[in-house]
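**Q** Return a 3D structure for these sequence lines:
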Amino acid sequence: MSEKIVAIVPAGGVGLRALDCGGPESGAIPKQYRLLGGEPMLRVAVRALLADKRIAEVRVAVAPGDAWAEQALAGLPRTVWRPCGGATRADTVMAALLDAALEPDDWALVHDAARPGLPASALGRLIDHCLAMGRGGLLAQPVADTVKRQQPLDSSLGTLVQQSISRDGLWLAQTPQMFPAGLLLQALQLLQRAAITDEASAMEHTGYTPCLVPGSARNFKVTWPEDFELMEKWL
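**A** As a prediction, the model looks like this:
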């Protein structure tokens, strides 16, 4: 395996759950450009990746016609942005891989724009593990809470518990997720019509077994409006 690592940040969505007002027609900016401590969240997330010098380049994939990326990323070293975002996360990552034209045995490290709290120690842990093992993997955390499965919704009773699920062996996936670029691209191309929520699940569909590397509570995904205040406290 090559030791070249290129980070990809899919940032082509609008983050409807975290928009200030209802939807894109309201004029609210996509969540990756909301400010955290005076800086766009996307910029903070990219800086977290740049903390590890082994990452040769960070490539940010934004939506065609994006009006915010250039200013948000201005002046960052080893960083480029490309208007190749697609309809889904998987489409965006696949387009970014094609645009990057990496060698098959280079490493692609994919990170959410909405995880700006990534600690350098967690990033380094993932890179160290994948390079040492020669196998792709992802940051994740063991499930700590009791897990409930809901019953099918009944409008008269609201949401009810169907059963409790053992949390033994369950992990919550985070990013970055790091895989050989050629294998990841192939997996995404094969599964274009499948419901793929992260790169690891695409790899798993092809029979690949990713490594689980302990992540960090600070590396949570900013999803709901109140998450911005919590992330600012971490930062």
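**Q** which helices and strands sit right next to the worst-scoring helix or strand of the chain on mean pLDDT?
**A** Every helix and strand of the chain was ranked by mean pLDDT, DSSP states H and E. The lowest is helix 225-234, at a mean of 89. On a contact count with 3 or more Cβ pairs under 8 Å, 6 or more residues apart in numbering; DSSP states H and E, helix 225-234 meets strand 35-36. Where you see a C-beta, it was placed from the backbone N, CA and C, and this is true even at glycine.
**Q** can you list contacts of the strand it packs on?
**A** Contact partners of strand 35-36, identified using Cβ atoms under 8 Å, 6 or more residues apart in numbering, comprise 41, 44, 116, 228, 231-232, 235.
**Q** again, only using 6 Å
**A** 44, 231-232 (Cβ atoms under 6 Å, 6 or more residues apart in numbering).
**Q** what distance separates the least confident helix or strand of the chain from the centre of its chain?
**A** 18 Å (Cα atoms, centre = their mean, to the nearest Å).
**Q** May I see the buried residues of it?
**A** Judged by neighbour count using 16 or more other Cβ atoms under 10 Å, the buried positions of helix 225-234 are 227, 231.
**Q** Same question for stretch 50-61.
**A** Going by 16+ other Cβ under 10 Å, stretch 50-61 has these buried residues: 50, 52, 55, 57-61.
**Q** what do you get for stretch 70-86?
**A** 72-73, 76, 79, 81-82, 84-86.
**Q** Switch the residues you listed over to JSON lines; also include pLDDT, secondary structure and distance to Asp106.
**A** Formatted as JSON lines, the buried residues of stretch 70-86 follow (pLDDT from 0 to 100; DSSP: H, G, I helix; E, B strand; the rest coil; distance: Cβ to Cβ, whole Å):
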{"residue": "Ala72", "pLDDT": "97", "secondary structure": "helix", "distance to Asp106": "26"}
{"residue": "Leu73", "pLDDT": "98", "secondary structure": "helix", "distance to Asp106": "22"}
{"residue": "Leu76", "pLDDT": "98", "secondary structure": "coil", "distance to Asp106": "21"}
{"residue": "Thr79", "pLDDT": "98", "secondary structure": "strand", "distance to Asp106": "17"}
{"residue": "Trp81", "pLDDT": "98", "secondary structure": "strand", "distance to Asp106": "20"}
{"residue": "Arg82", "pLDDT": "97", "secondary structure": "strand", "distance to Asp106": "17"}
{"residue": "Cys84", "pLDDT": "96", "secondary structure": "coil", "distance to Asp106": "18"}
{"residue": "Gly85", "pLDDT": "94", "secondary structure": "coil", "distance to Asp106": "21"}
{"residue": "Gly86", "pLDDT": "92", "secondary structure": "coil", "distance to Asp106": "21"}
